[in-house]
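Visitor: have a look at this prediction, sequence included:
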Amino acid sequence: MKLNGQVELSRRNMLLAAGASGLALGAPLQASAVRPAKAKSVIQIWMWGGPAQLDTFDPKPHAGADYCGPYTRPISTNVDGIQICQKLPLLAKQADKYSIIRSMTHGVNGHETASYMTQSGRPAGTGDVFPCAGAVVSRFKGYDAGYKGLLPPYIVLTKPQGRFSESGFMGLRYKPFATGGKPSAPVFTVEGIVQQGISEVRQRDRRKLLSELETLGRRMKGNLAFGKMDECEEQAYELILGDAGKVFDIKGEDAKLRERYGRSDFGASCLVARR
């Protein structure tokens, strides 16, 4: 490129010049760009085997039918210059509320290995098992930040995202709580919290019977071991019978809201995650 017929700049030199000017302004730019995070929780929707990027947020209508299939008419969003698939009209109206990243890829063809790389940010085969993003957050923004809730800070609906250990070398303390069960069922049976076919009355009767049978603990009041067991039992029943466990119960949600989310396991999982 020639400027005023005298200075010749290649594209590489232009980028270097832009980078140098950016470094000169680095401090004020960083000060204005960095904002403290406000989110208190995050929902990650892991679309295992979900629709391809060409069918959603990165349409390529001129690539030919072998690539884009029938979706050849992308629609404009409420952000100038951004188009998405024609099947996502509601998302098109809210494009100013989300970010689309179209520049990420990797050379891993195995889904399990690729999932590990995506979730942990590390390549497989290094000899170490690194924790996934959720486990890291549960440590630094959860337990290490003084989290005292009964529900673990990292919950997965309904099963872990891969066959690798999601807590990695950090240990089982930061492993996600996987609910199991079927969220769209009339009763969402959450493993260890909600049992199918056992009413709340029966649960309370069971606890009462357990208390009547547990005579040794009452005779050894002040014993640290029994005190710890009592504390664990109290927390367990608070999950089963208290308000904490009710977060998984969506039977009382408005019928119209249920329909908007969909009656499938995926839709019900999203609604539970919102709660």
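Guide: Structure received. What you see is a predicted model, and the numbers here were worked out from it, not measured in a lab.
Visitor: where does pLDDT dip in this protein?
Guide: 1-34, 162-163, 192-200, 203, 207, 212-213, 217-220, 226-227, 230-231, 233-242 (pLDDT under 70).
Visitor: the domain parsing of it - what is it?
Guide: 53-104, 109-171, 179-275 (automatic domain parsing).
Visitor: quick check: which of those domains is buried the most?
Guide: When the domains of the chain are scored by mean count of other Cβ atoms under 10 Å, the highest mean neighbour count falls to domain 109-171 (a mean of 16). Quick note: C-beta positions are derived from backbone N, CA and C, even for glycine.
Visitor: what's the end-to-end length of it?
Guide: 28 Å (Cα to Cα, to the nearest Å).
Visitor: and that domain, how far out from the chain middle?
Guide: 10 Å (Cα atoms, centre = their mean, to the nearest Å).
Visitor: related to what we said a few turns ago, quick check: which of the domains of the chain is nearest to Ala39?
Guide: Ala39 lies closest to domain 109-171 among the domains of the chain, at 9.9 Å (Cβ to Cβ).
Visitor: so which of the domains of the chain is nearest Trp46?
Guide: Evaluated with Cβ to Cβ, these place domain 109-171 nearest to Trp46, the distance being 5.2 Å.
Visitor: helix, strand or coil for the residue nearest to Tyr261 when sequence neighbours are not counted?
Guide: In this structure, Tyr261 finds its nearest non-sequential neighbour in Gly267, 4.1 Å apart by Cβ to Cβ, 6 or more residues apart in numbering. Secondary structure state of Gly267, per DSSP: H, G, I helix; E, B strand; the rest coil, is helix.
Visitor: isn't Gly267 right up against Glu253?
Guide: No - look at Gly267 against Glu253 with Cβ atoms under 8 Å: they stay out of range, at 11.3 Å.
Visitor: all set now, cheers.
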